[in-house]
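1. need coordinates for the following:
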Amino acid sequence: MECPVKLFDVDDDSGKLVLQEAALQEVLLADDVRDAPVIPVSVTGPFRKGKSSLLNVLLRFLRAGGGDGNEGGDGGDGAWLDADDATSPGFPCRGGRHPVTRGIDIWPQPLPVTLASGQPAFVLLLDSQGAFDAESTQHESVTVRALVGLLSAVQVVHVSRQLQADDLAQLRLCAEYGRLIAAAAGRPARLQRLVMLVRDWAFPDDAPYGHDGGRQVLEHWLRGDGADAADDEGDLAATVERLECFLLPRPDLAAIAGAEAGDDVGQPAVEFRTQLCRLMPWLVGPAQAEPRQLEGQSLTGADLAALCRQLAAAADAPPPPESAGDALAEEARRRAEEAALRTYRARLEETAGLSLYEAAMLRALPESGPSVSDEALLAGHDAGVRSALEHYEAGHDPREEAAAAAAAAAALQHAQAHYERQMAPAAGREEPVVLQAHAGAADAARALAGDSQDLTHCL
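-> Numbers count the residues shown, from 1 in each chain. Sure, this is the predicted structure:
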């Protein structure tokens, strides 16, 4: 009876992932696979949400010839869903509160497919432990998901009901940690194709089932409310070559009961069955199948084995994932600071030929009489600072208030010091000298506000 083999196991004492060389020899370096293009397909996500069950559906589809197009472009009539797999049930599934899979498993029999070019290739199915469960450390969960993403041609992220903000946060954290591992291994870090699969989609009136509705949900998820939405979209575009989404309906209660009893498919409702038949060729059919690519080259089984060894050796090189999370928080703080500097600089831009700062000061100067006070001279500067702080406070994370206040105070102190140094020689002089000194002070303020690197250094 076939069953998955362990590709990466977790050491119970250290919690580190350990590559299983025997799996490389058995699967990736087999005679018919080592020189053939390979398409690793993985499923990741929270534990006890049906990842292994989905892999078993993929397994049935590919065994029925779906990877060669024999089931049709829409997965055929779904007869393959009813195939008798008694001799090889697939990836283990069972109910209960304890996870089944730990580390990363690989199906021992590569599954043949035909690429759009007509070239033969093999799909490799990868199962991984549930992310962020009660029995795994954060280091374990993030490292597993990061490694799976770096190995996969298609990574399916399995979520329930709808896309949430924490799904995006976890995706960014794991992608960032994967980037650190890849950098330590000297390999490219971009994920090839990442599919957000929303199981039990609860709002078909808002977005229809399938990949068309998934596209709508994904766009809203990336471009929705929030000050960092555009930055999040840019971060993912730099990390993932192809980001997609597919919406699956909820199976009927009989299917849910069957899954809890250990049956991985059960008898799904008609709509659920229809969408499964559309999902499978959309993931691995001839029109979609593409081998894992690195630096423009399709990886063979031997190439993927070498990549596994390189990533396994590099997995302990980066700092723990908690540090990657700190790096993401620091990046968010940096973006907010730069936005504040842009707003501050905008307040000093030319208005009718004069900067706002300079215009405010000149309005305070009498046509004749004694020089203006320091308070009046600093009024425009203070307005710029207030505007920048208001902009910052509207968009930054509340947890960063102390750091933001300290940064703003340091920036104000630095700018005032520049001004005072420029104005000191004019003390007690007549008004023309004051005006000349002010012009120098205004130039210094503009230079200070215009050079964000210099200001950031001074902070």
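2. mind listing what's buried in the strand or helix carrying residue 271?
-> Per DSSP states H and E: residue 271 is located in helix 270-284. Going by neighbour count (16 or more other CB atoms under 10 Å), the buried part of helix 270-284 is 272-284. C-beta: built from backbone N, CA, C; applies to glycine.
3. now for those: which two are most distant?
-> Maximum pairwise distance among the buried residues of helix 270-284 (CB to CB): 19.0 Å, between 272 and 284.
4. quick check: residue 58 vs residue 286, distance?
-> Residue 58 is 15 Å from residue 286, where distance means CB to CB, to the nearest Å.
5. the two: who's more crowded?
-> Using other CB atoms under 10 Å, the more surrounded residue of residue 58 and residue 286 is residue 58, with 26 against 19.
6. part of a helix, is the more buried one?
-> Yes - per DSSP: H, G, I helix; E, B strand; the rest coil, residue 58 lies within a helix segment.
7. return the distance of it relative to residue 91.
-> Counting by CB to CB, the gap from residue 58 to residue 91 is 10 Å.
8. shared neighbours of those two, which are they?
-> Common neighbours of residue 58 and residue 91, counting by CB atoms under 8 Å, 6 or more residues apart in numbering, are residue 125.
9. kindly state the domain boundaries assigned to this protein.
-> For the chain, the domain assignment from automatic domain parsing gives the residue ranges 5-318, 328-458.
10. report the mean confidence score over the last one.
-> Per-residue confidence for domain 328-458 averages out to 56 on the pLDDT scale.
11. ok, stretch 313-320 next?
-> Per-residue pLDDT values over stretch 313-320 give a mean of 75.
12. make 33 the first number, not 1, from now on.
-> With the count now opening at 33, the last piece we talked about shows up as stretch 345-352.
13. contact partners for residue 223?
-> Counting by CB under 8 Å, 6+ apart, residue 223 makes contact with 181, 182, 184, 187, 207, 210, 271, 272, 273.
14. residues of stretch 140-147 that come out buried?
-> Within stretch 140-147, the residues scored as buried using 16+ other CB under 10 Å are 141, 142, 143, 144, 145, 146, 147.
15. list the contacts of residue 224.
-> For residue 224, the contact set (CB under 8 Å, 6+ apart) comprises 184, 185, 186, 187, 273, 274, 322, 324, 325.
16. what about it, which helix or strand?
-> strand 223-231.
17. strands paired with that strand, and their directions?
-> strand 186-192 (parallel), strand 272-279 (parallel) (DSSP bridges).
18. what does the first one rub up against?
-> The contact list for strand 186-192 (CB under 8 Å, 6+ apart) reads 71-78, 81-83, 86, 180-181, 199, 203, 223-232, 315-316.
19. look up the pLDDT of residue 195 for me, please.
-> Looking at residue 195, its pLDDT reads 86.
20. before we move on, what SS does it have?
-> Taking three-state DSSP as the rule, one finds residue 195 in the coil state.
21. make JSON lines from the buried residues of helix 302-316 and add pLDDT and distance to residue 134 to it.
-> As requested, these are exported to JSON lines (pLDDT from 0 to 100; distance: CB to CB, whole Å):
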{"residue": "304", "pLDDT": "88", "distance to residue 134": "29"}
{"residue": "305", "pLDDT": "88", "distance to residue 134": "31"}
{"residue": "306", "pLDDT": "89", "distance to residue 134": "34"}
{"residue": "307", "pLDDT": "91", "distance to residue 134": "30"}
{"residue": "308", "pLDDT": "90", "distance to residue 134": "27"}
{"residue": "309", "pLDDT": "90", "distance to residue 134": "32"}
{"residue": "310", "pLDDT": "92", "distance to residue 134": "32"}
{"residue": "311", "pLDDT": "94", "distance to residue 134": "27"}
{"residue": "312", "pLDDT": "93", "distance to residue 134": "27"}
{"residue": "313", "pLDDT": "92", "distance to residue 134": "31"}
{"residue": "314", "pLDDT": "94", "distance to residue 134": "29"}
{"residue": "315", "pLDDT": "93", "distance to residue 134": "25"}
{"residue": "316", "pLDDT": "91", "distance to residue 134": "25"}
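22. for residue 321, what are its contacts?
-> 71, 99, 145, 146, 147, 148, 153, 155.
23. pick out the most distant pair among the residues you listed.
-> Of all pairs in the contacts of residue 321, the most separated under CB to CB is 148 and 155 at 14.4 Å.
24. out of these two, which sits in the busier spot?
-> residue 155 (25 against 12).
25. and the more buried one, helix, strand or coil?
-> Going by three-state DSSP: residue 155 is strand.
26. bridged to it, which residues?
-> Counting by DSSP bridges, the residues bridging with residue 155 are residue 71, residue 143.
27. what's the distance between residue 220 and residue 183?
-> 12 Å.
28. same check on residue 171?
-> On the measure of CB to CB, residue 171 and residue 183 end up 19 Å apart.
29. so for the two, which residue has more residues nearby?
-> Per other CB under 10 Å, whichever of residue 171 and residue 183 has more neighbours is residue 183, with 25 against 15.
30. check contacts around the more buried one.
-> Shown in contact with residue 183 (CB under 8 Å, 6+ apart): 72, 74, 158, 324, 336, 339, 340, 343.
31. identify the residues contacting the last one.
-> Yep, that's residue 343 we're talking about. Going by CB under 8 Å, 6+ apart, residue 343 touches 179, 182, 183, 213, 214, 217, 219.
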